[in-house]
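Engineer: Prediction below, plus the sequence it came from.
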Amino acid sequence: MKKIVVLLISAILLLSLTGCGKYFSSYSALGFVHSNTSDSAYMSFYSFSGRMVFRLKSSGEGDLKYTAKLESGNVAVYYDYNGTKQELFSISDGEEFDSHGGYVESGTVYIIVETDGACRGGDFRFSFNK
């Protein structure tokens, strides 16, 4: 009886420790530096493959300001505000952007950076443009 109770409690604790976020990060990287505050995020890497998710909190209406640079590879960047995942931009070999887009109001905004293979020499920065 004790074993069943211990197993049940262990299973409940394990489930409570798992994340409850809508999106999750999964990647392989070298020379990877990233930061995420409530109103901005960035990632810089030598080599990156996979998905990185940032969670921002908007305090009012506006759009997203972003800069992006990529030496090689292909990356698509999405944002999710109000439960709808939409493409913000895509970037490939040698491109560089400094722009804005993606209208948001007050609330949680997810920024999802996804590669379609190995990428090199990337720098991505996001913030709110109000």
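Structural biologist: On my side now, so go ahead. Numbering: from 1, shown residues only.
Engineer: Can you give me every residue that contacts the residue positioned nearest the centre of the chain?
Structural biologist: The centroid of the chain falls nearest to V53 when counting by Cα atoms, centre = their mean (1.9 Å). Shown in contact with V53 (Cβ atoms under 8 Å, 6 or more residues apart in numbering): G21, Y23, F24, S25, Y110, I111, I112, V113. (C-beta placed from N, C-alpha, C; glycine too.)
Engineer: got it, and F45?
Structural biologist: A29, L30, G31, F32, V33, C119, G121, G122, D123.
Engineer: at 6 Å instead, please
Structural biologist: Going by Cβ atoms under 6 Å, 6 or more residues apart in numbering, F45 touches A29, G31, F32, G122.
Engineer: burial of K85, as a residue count?
Structural biologist: Each residue near K85 was counted by other Cβ atoms under 10 Å, and the total is 12.
Engineer: er, S44 actually
Structural biologist: S44: 16 neighbours (other Cβ under 10 Å).
Engineer: And S92, by the same measure?
Structural biologist: Residues near S92, counting by other Cβ under 10 Å: 13.
Engineer: next one: the one 4 residues further on
Structural biologist: E96: 11 surrounding residues under other Cβ under 10 Å.
Engineer: List the contacts of it.
Structural biologist: By Cβ under 6 Å, 6+ apart, the contact set of E96 is K69.
Engineer: Okay, and the beta partners of it?
Structural biologist: K69 (DSSP bridges).
Engineer: Is K65 in contact with D98, as I believe?
Structural biologist: No. Counting by Cβ atoms under 6 Å, K65 stays clear of D98, with 8.6 Å between them.
Engineer: So between the two, which is more surrounded?
Structural biologist: K65 (17 against 10).
Engineer: Identify the residue nearest the more buried one in space, chain neighbours excluded?
Structural biologist: N129 (3.8 Å; Cβ to Cβ, 6 or more residues apart in numbering).
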